[in-house]
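> Show me how the following folds:
(one chain, ligands or ions: 1)
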Amino acid sequence: MNTIKSRGVCPKCKSRGIVPNVEAVDSSSLAIRIYGEAGGYNGRAHNFPVRVWVCGACGSTELYVSQPQEVLQAYQQIY
Ligand SMILES: [Zn+2]
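Numbering: from 1, shown residues only. Okay, here's the model as predicted:
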């Protein structure tokens with residue numbers, strides 16, 4: 001797979017000036033949230049932090065969760 005994260009090269013502009021694995025923040029850290037029941041907001045919520053890879057030349061940015069298998073498991077338990 002040709003991604004900033006996997007190859008350390010920007011797939012858009014081919015730069016190697018990559019800023020890896022930085023935190024995405026608003027007022028708190030950006031995260032994926034999966035609720036404990038389908039379509040519901042009153043069940044238990046699972047939050048998974050999102051990390052960011054940025055190309056320092058063109059600004060292209062890719063987002064990754066740090067625990068993708070756990071995101072999938074949480075999703076599959078509900079849907
Ligand atoms: Zn780039």
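> Which helix or strand contains the residue nearest to T3 when sequence neighbours are not counted?
In space, T3 comes closest to E62 once its chain neighbours are excluded; the distance is 5.9 Å by Cβ to Cβ, 6 or more residues apart in numbering. To be clear about C-beta, it is placed using only N, CA and C from the backbone, and glycine gets the same treatment. Assigned by DSSP states H and E, E62 belongs to strand 61-65.
> Which secondary structure elements does that strand sit against?
When contacts are defined as 3 or more Cβ pairs under 8 Å, 6 or more residues apart in numbering; DSSP states H and E, strand 61-65 sits against helix 4-7, strand 45-55.
> circling back: now that the residue nearest to T3 has come up, it's in contact with W53, right?
Yes. Counting by Cβ atoms under 8 Å, W53 is a contact partner of E62 at 4.8 Å.
> Give me the common contacts of the two.
Counting by Cβ atoms under 8 Å, 6 or more residues apart in numbering, the common neighbours of E62 and W53 are T3, I4, K5.
> what comes up buried for the longest helix belonging to the chain?
Taking DSSP state H as the criterion, the chain has its longest helix at helix 68-78. Within helix 68-78, the residues that count as buried by 16 or more other Cβ atoms under 10 Å are A74.
> chain center to it: distance?
From the chain centre to the centre of helix 68-78 is a distance of 14 Å (Cα atoms, centre = their mean, to the nearest Å).
> okay, the angle between it and strand 61-65?
Between the axes of helix 68-78 and strand 61-65, defined by axes from the mean of the first three to the mean of the last three Cα atoms, to 10 degrees, the angle is 60 degrees.
> Please name the residues that touch the most centrally placed residue in the chain.
Closest to where the C-alpha atoms of the chain average out (Cα atoms, centre = their mean) is Y64, at 2.5 Å. Residues in contact with Y64, defined by Cβ under 8 Å, 6+ apart, are K5, V50, R51, V52, W53.
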